[in-house]
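1. 3D model of this:
(one chain, ligands or ions: 1)
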Amino acid sequence: MFKKVDLVIIGGGPAGYEAAFKAADGGMKAIIIEKEAIGGTCLNHGCIPTKTIMHSTELYKKLETIDEFGIALEKKSINFEVIQNRKEEILEKLRNGILSRIRKSDIEVVLGEGKIVSNNLVRVGDETIETKFILIATGTGTLLPPIKGCDLDGVITSDELLEYNKKPFGALTIIGGGVIGMEFANMFSDVGTSITVIEALDRILPNMDKELGQSLKMILKKRGVDIHTSSFVEEIIKSNEGLSCKYKEKGKEAVVTSDAVLIAVGRKPNINNLYAADVELEIEKGCIKVNDNYQTNYPNIYAVGDVIGGIQLAHVASAEGKNAVYHMLGKEDRIDVNVIPSCIYTNPEIASVGITADDAKRENIKIIANKFPMLANGKTILSGMDRGYIKIIADEKSHKILGAQMMCGRATDLISELTVAIANELTLEDLKKVIHPHPTFSEGIGDALN
Ligand code: NAI
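-> Modelled structure (predicted):
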């Protein structure tokens, strides 16, 4: 079969489907090729399932102190089978929502694995599609490091853990103290699993502001999570007691045994089998290389999202997908991808945007760094939440807001206010004019401006 369209998008995640909507708005005939399910990693194996399960585990954890809130409960228990069923229903609802928008926009979805056979031909199954533009939005997959024993039964990735439907583990070791590692440490410690985290670098969340990692480490330590930094796992072995990770911590040999081991050491771009041998796409460090307009070395083949490396977040991928289509359409519109909020769904939540005090020091920018402790925020106290803070970084001379880091209730929502401020070059004084409703976590932003 042979078809002719304007745009073939390979990958139906947030980058792919958002790009398709923009293409349809711009009058292009677009096809999305997806090998699994619409929604990509974010909806099927990432953000949404993680946050759905965490919603349950956090509620469960909250029950520990429920009598403080004047509520008595006879018995508490957690059932991962029920949690999984609820999760599946939510995913289905969200997938259907996207599919209905796709149908309304007259976008075609072809199920199968797309392969680029030339700069304007894509094959899927026995169908060949001729197209003006190609957009690669194939994302990333789980990554297993070259550690002996990674293939043992019980050594799992986030994909498997998100399908978990049994009794909580007694003990879980997590290799990698990045975002995935920390969210799962939070999730399983909430249900009573004894957690050990082994991180190769000298701190957890190495890509975030140092103080955020340090504060989270202290909070998790108080909850019994055992975190080892500057530690390398050398081998995983199976014994009668479970799975033993042999690791070296600051040069010293150590071992930890648990029921399961989660590998959370980053993800790898999906480029296997994506293009024919005579298509010479430029690859850099395993990622597809693109220019500022998301064009590969073939000007009509674009790539966006996690597959191009950089900051691997769903909202960044969507923005890149839209920007790539604007470029194809010759439109000037652009979403500002220089101001990117990052969110971590631990308890308390963590969020960050713009530069940190350390970045400013490195780049010789003179700054004002205002910090407000959320223990002085009414909503934090009445909600019975952990300590936290909001930090706002501004240029010393112009008072333009350059960055913000926060660890507090609803931090992942509050960060948008600072994102708007930075993207629009607002100053501390501009934000001081704004009334923050009382009592809210957002009042902490007002207090951190002074
Ligand atoms: P990551 O890059 O955030 O963290 C991986 C960690 O593993 C790093 O700290 C690294 O130093 C450590 N590591 C690497 N090899 C190691 C080894 N052999 N032994 C011990 N430690 C080792 O990657 P992660 O957590 O797997 O997440 C993947 C991607 O997904 C990231 O880009 C992340 O931003 C994104 N993500 C975003 C979320 C969010 O926005 N809330 C949630 C989950 C993931």
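2. For the stretch 151-300 of the chain, which segments count as helices?
-> All helices of the stretch 151-300 of the chain, identified by DSSP state H, counting those that start in this stretch, fall at 158-161, 179-190, 210-222.
3. Could you say which of those helices is packed most deeply?
-> helix 179-190 (a mean of 24; mean count of other Cβ atoms under 10 Å). For glycine as for every other residue, the C-beta is placed from the backbone atoms N, C-alpha and C.
4. Show me what residue of the stretch 51-200 of the chain gets nearest to the ligand.
-> Proximity to the ligand, evaluated over the stretch 51-200 of the chain using Cβ to the nearest ligand atom, is greatest for residue 178 at 1.8 Å.
5. residues contacting the closest residue to that residue other than its chain neighbours?
-> Of all residues not flanking residue 178 in the chain, residue 264 sits nearest, at 6.3 Å (Cβ to Cβ, 6 or more residues apart in numbering). Contact analysis of residue 264 by Cβ atoms under 8 Å, 6 or more residues apart in numbering lists 157-158, 174-176, 178, 180-181, 184.
6. can we see that at 10 Å?
-> For residue 264, the contact set (Cβ atoms under 10 Å, 6 or more residues apart in numbering) comprises 142-143, 156-158, 161, 174-185, 197, 199.
7. before we move on, what about residue 46?
-> 13-14, 39-40, 139-140, 158-159, 162, 180, 267, 306, 312-314.
8. now, which of the residues you listed lie close to the ligand?
-> Counting by Cβ under 6 Å from any ligand atom, 180, 267, 312-313 from those sit close to the ligand.
9. Kindly indicate the member of those residues with the most neighbours.
-> Highest neighbour count within those: residue 180, with 23 neighbours (other Cβ atoms under 10 Å).
10. Please name the residues that touch the most centrally placed residue in the chain.
-> Among the residues of the chain, the one closest to the centroid is residue 313, at 4.8 Å (Cα atoms, centre = their mean). Counting by Cβ under 10 Å, 6+ apart, residue 313 touches 14, 42, 46-47, 179, 305-306, 319, 340-343.
11. for those residues, which one is nearest the ligand?
-> Taking Cβ to the nearest ligand atom as the measure, the ligand sits nearest to residue 179 out of those, at 4.1 Å.
12. and the spatially closest residue to the closest one that is not a sequence neighbour, what are its bridge partners?
-> Leaving aside its chain neighbours, residue 179 sits nearest to residue 344 (5.6 Å; criterion: Cβ to Cβ, 6+ apart). Under DSSP bridges, the beta-bridge partners of residue 344 are residue 350.
13. So is stretch 189-202 next to the ligand?
-> Yes: contact of stretch 189-202 with the ligand (Cβ under 6 Å from any ligand atom) involves 198-201.
14. Just the buried residues out of those, in PyMOL syntax.
-> In PyMOL, a selection of the buried entries from the residues of stretch 189-202 next to the ligand looks like this (16 or more other Cβ atoms under 10 Å):
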select buried, resi 198+199+200
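15. Just say helix, strand or coil for residue 37.
-> Following DSSP: H, G, I helix; E, B strand; the rest coil, we place residue 37 in the coil state.
16. List the contacts of it.
-> By Cβ under 10 Å, 6+ apart, residue 37 lies in contact with 12-13, 43-45, 91-92, 95, 98-99, 111.
17. name the element residue 327 belongs to?
-> Assigned by DSSP states H and E, residue 327 falls within helix 314-328.
18. Just list what that helix packs against, helices and strands only.
-> Packing partners of helix 314-328 (3 or more Cβ pairs under 10 Å, 6 or more residues apart in numbering; DSSP states H and E): strand 2-10, helix 14-25, helix 40-45, helix 47-62, strand 127-136, strand 301-303, strand 342-344.
19. Name the nearest residue to the residue in the stretch 351-450 of the chain that the ligand sits nearest to, ignoring sequence neighbours.
-> As assessed by Cβ to the nearest ligand atom, the ligand sits closest to residue 412 within the stretch 351-450 of the chain, at 8.1 Å. Leaving aside its sequence neighbours, residue 412 sits nearest to residue 343 (Cβ to Cβ, 6+ apart; 3.9 Å).
20. what does residue 86 give?
-> Once flanking residues are discounted, residue 86 sits nearest to residue 52: 6.9 Å by Cβ to Cβ, 6+ apart.
21. and what of residue 49?
-> residue 162 (4.6 Å).
22. What is the neighbour count of the one you found?
-> As a burial measure, residue 162 scores 20 neighbours (other Cβ under 10 Å).
23. So that it lines up with my notes, have the first residue be 215 from now on.
-> With 215 as the first residue, the last one maps to residue 376.
24. Please report the distance of it from residue 256.
-> Distance of residue 376 to residue 256, given as Cβ to Cβ, to the nearest Å: 12 Å.
25. go on, residue 589?
-> For residue 589, the distance to residue 256 - Cβ to Cβ - is 34 Å.
26. So the two - more neighbours on which side?
-> For residue 589 versus residue 256, the count of surrounding residues by other Cβ under 10 Å is larger for residue 256: 23 against 13.
27. Could you tell me which residues make contact with the more buried one?
-> Residue 256 makes contact with 227-229, 262-264, 308, 353, 519-520, 527-529, 531-532, according to Cβ under 10 Å, 6+ apart.
28. same deal with residue 362?
-> So residue 362 contacts 447-451, 460 (Cβ under 10 Å, 6+ apart).
29. which bits of the stretch 415-564 of the chain sit near the ligand?
-> Taking Cβ under 6 Å from any ligand atom, the part of the stretch 415-564 of the chain that reaches the ligand is made up of 415, 420, 446-447, 478-481, 526-527, 557-559.
30. what's the neighbour count on residue 229?
-> Using other Cβ under 10 Å, residue 229 has 33 neighbouring residues.
31. need the contact list for it.
-> Shown in contact with residue 229 (Cβ under 10 Å, 6+ apart): 223, 254, 256, 349-353, 508, 517-522, 528, 530-536, 538.
32. For the closest residue to the ligand within the stretch 515-664 of the chain, which non-adjacent residue is closest in space?
-> Proximity of the stretch 515-664 of the chain to the ligand (Cβ to the nearest ligand atom) peaks at residue 526, 3.4 Å away. Nearest in space to residue 526, with sequence neighbours left out and distances taken as Cβ to Cβ, 6+ apart, is residue 520 at 4.3 Å.
33. just to revisit the earlier point, state the mean pLDDT of the helix holding residue 541.
-> In this model, helix 528-542 has a mean pLDDT of 98.
34. quick one: that helix to chain centroid distance?
-> Taking Cα atoms, centre = their mean, to the nearest Å, the mean C-alpha location of helix 528-542 is offset from the chain mean by 17 Å.
35. What of stretch 485-500?
-> Using Cα atoms, centre = their mean, the distance from the centre of stretch 485-500 to the centre of the chain it belongs to is 25 Å.
36. buried residues in it?
-> Under the neighbour-count criterion of 16+ other Cβ under 10 Å, stretch 485-500 has 485, 488-489, 493, 495 buried.
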